[in-house]
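Student: below: sequence and its predicted model.
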Protein chains: 2
Amino acid sequence: MTKAENTTRQKIVETARALFHEQGYHATGMATILRLAGVNSGSLYHFFPSKEALLEAVLESYLGGLGPMLIDPVEAAFGDPVERIFGLLDQYRQALLMTDFSYGCPIGNLALEMGADDGDVARLIADNFAAWRDAIEGWLSAAFSAKDVDISGLTALTLAVMEGALMQARVAKKIEPFDEAVAQYRKMLGT
Amino acid sequence: MTKAENTTRQKIVETARALFHEQGYHATGMATILRLAGVNSGSLYHFFPSKEALLEAVLESYLGGLGPMLIDPVEAAFGDPVERIFGLLDQYRQALLMTDFSYGCPIGNLALEMGADDGDVARLIADNFAAWRDAIEGWLSAAFSAKDVDISGLTALTLAVMEGALMQARVAKKIEPFDEAVAQYRKMLGT
DNA sequence: GTCTATATTAAGATAGAC
DNA sequence: GTCTATCTTAATATAGAC
């Protein structure tokens, strides 16, 4: 994973990632992935023994991309830990607005669609959530460690607001529920 | 809908509701619904022209059941409007514990799985969310109307906590994230 | 690693007698 | 309204040459 990846494999994972995100896992057929990736069946199954294995690779790519794609840019843009949290929330907000409210959290979507799952997929989803938790918990610790604050609880609430506010705005096809929930959360943080 | 429903139709909707909830919509095959409902293909398609139409009936049943199945019992059990909110949250908590953390919000699950949808299904999901919003907003109004509180924003935050806390506990397969998020929310309400 | 062709099963849905 | 039988297409996956 450290050196440059095989181009074909990479193209397959990126195409699958986009389609799983837009349509969901079960609603996406292998044939569609093959067509959009411009790859033949034999190549895909050379790299991945099954559709589920491909999903696992997608989840690994989310895990690997969390830092470089989301956390690092936000940390570079904002020095204050609390503003980093709102910077992250604003990323979601912008994604909602740019996609006419069709954007959903890729991990949250898969988490709810794959609910019953109990194998590597479930573990990778949990790993992704744990990585998000760690980043947010780090910021909250930096901001509130000296005070009498339940950092772990505040982290759980923060993630709940992110996922729950996104879900509501997407369903209602308007930004208000997201903005309102975030505003209440900000007020609660007391900053 | 006011008189007693056809038994076969009812059985189909109930079976589909359970399977869609446990497995998701796309992961559930018509053959499985037919087998578990003990009904033949011809009967199902007599009542519902398509799988999507069946999903719409399921979503209508959730809408119709929200009051009798969830809101009314909670209102009967708790007089205080704030305790009604926590009574509702405790329903989710109990469901999580009783299902070994496989329980998910049926509407939330479908909302994220059906994201791209744009027809009757999306509208019915939005209607369900709106009905939840109305119930919670009513309780929050009763509790805080006299004070300087953004009732609409607090409603959005409440729903976000419900959905987001449930999602986290389900993914982590433990109750802590749910309890922590709810505790922070309660602290925030200042009651 | 990639190609074409194809196997196999399941999907959603329909036909037409009763 | 219900039955059995079946259609059609799509699904995931494989075979075997190159």
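Tutor: Everything's here; your move.
Student: could you say which helix or strand contains A:R9?
Tutor: helix A:7-23 (DSSP states H and E).
Student: list the buried residues for the helix or strand just after that helix?
Tutor: The C-terminal neighbour of helix A:7-23 among helices and strands, as given by DSSP H and E, is helix A:30-37. Residues of helix A:30-37 classed as buried: A:33-34, A:36-37 (neighbour count, 16 or more other C-beta atoms under 10 Å in any protein chain shown). Just so you know, the C-beta spots here come from the backbone N, C-alpha and C atoms, and that holds for glycine as well.
Student: same deal with stretch A:97-114?
Tutor: A:101, A:103-114.
Student: is the strand or helix carrying A:L140 anywhere near DNA strand D?
Tutor: Following DSSP H and E, one finds A:L140 within helix A:120-144. No: using C-beta under 7 Å from any atom of the strand, we find that helix A:120-144 stays clear of DNA strand D, coming within 12.8 Å at best.
Student: so what touches that helix?
Tutor: For helix A:120-144, the surrounding residues in contact (C-beta atoms under 8 Å, 6 or more residues apart in numbering or on different chains) are A:52, A:55-56, A:59-60, A:62-63, A:66, A:71, A:80-82, A:84-85, A:88, A:107, A:110-111, A:114, A:149, A:151-152, A:154-156, A:158-159, A:191, B:168, B:171-173.
Student: if we go to 6 Å?
Tutor: Helix A:120-144 is contacted from outside by A:55-56, A:59, A:62-63, A:66, A:71, A:81-82, A:84-85, A:107, A:110-111, A:114, A:151, A:154-155, A:158, B:171, using C-beta atoms under 6 Å, 6 or more residues apart in numbering or on different chains.
Student: now that helix: mean pLDDT?
Tutor: Mean pLDDT, computed over helix A:120-144, is 98.
Student: relative to the whole chain's centre, how far out is the following helix or strand past that helix?
Tutor: Per DSSP H and E, helix A:120-144 leads on to helix A:151-172 as the next helix or strand towards the C-terminus. Mean-position distance between helix A:151-172 and its chain equals 12 Å (C-alpha atoms, centre = their mean, to the nearest Å).
Student: what mean pLDDT does helix A:151-172 get?
Tutor: Averaging pLDDT along helix A:151-172 yields 98.
Student: and the residue of chain A closest to DNA strand D?
Tutor: Closest approach between chain A and DNA strand D, counting by C-beta to the nearest atom of the strand: A:G29, at 2.7 Å.
Student: output the set of residues of chain A in proximity to DNA strand D.
Tutor: A:28-32, A:41-42, A:45, A:49-52.
Student: skip the chain neighbours and tell me the closest residue to A:L189.
Tutor: A:V82 (6.6 Å; C-beta to C-beta, 6 or more residues apart in numbering or on different chains).
Student: quick revisit: could the buried residues of helix A:30-37 go into CSV alongside distance to DNA strand C and pLDDT?
Tutor: Output for these, formatted as CSV (distance: C-beta to the nearest atom of the strand, whole Å; pLDDT from 0 to 100):
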residue, distance to DNA strand C, pLDDT
A:I33, 13, 98
A:L34, 9, 98
A:L36, 14, 98
A:A37, 10, 98
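Student: and those residues, which two are furthest apart?
Tutor: A:L34 and A:L36 (7.6 Å; C-beta to C-beta).
Student: circling back to that earlier point, so which of the contacts of helix A:120-144 are in helices?
Tutor: A:55-56, A:59, A:62-63, A:81-82, A:84-85, A:107, A:110-111, A:151, A:154-155, A:158, B:171 (DSSP state H).
Student: within reach of DNA strand C, which of the contacts of helix A:120-144 are there?
Tutor: Counting by C-beta under 7 Å from any atom of the strand, no member of those is near DNA strand C.
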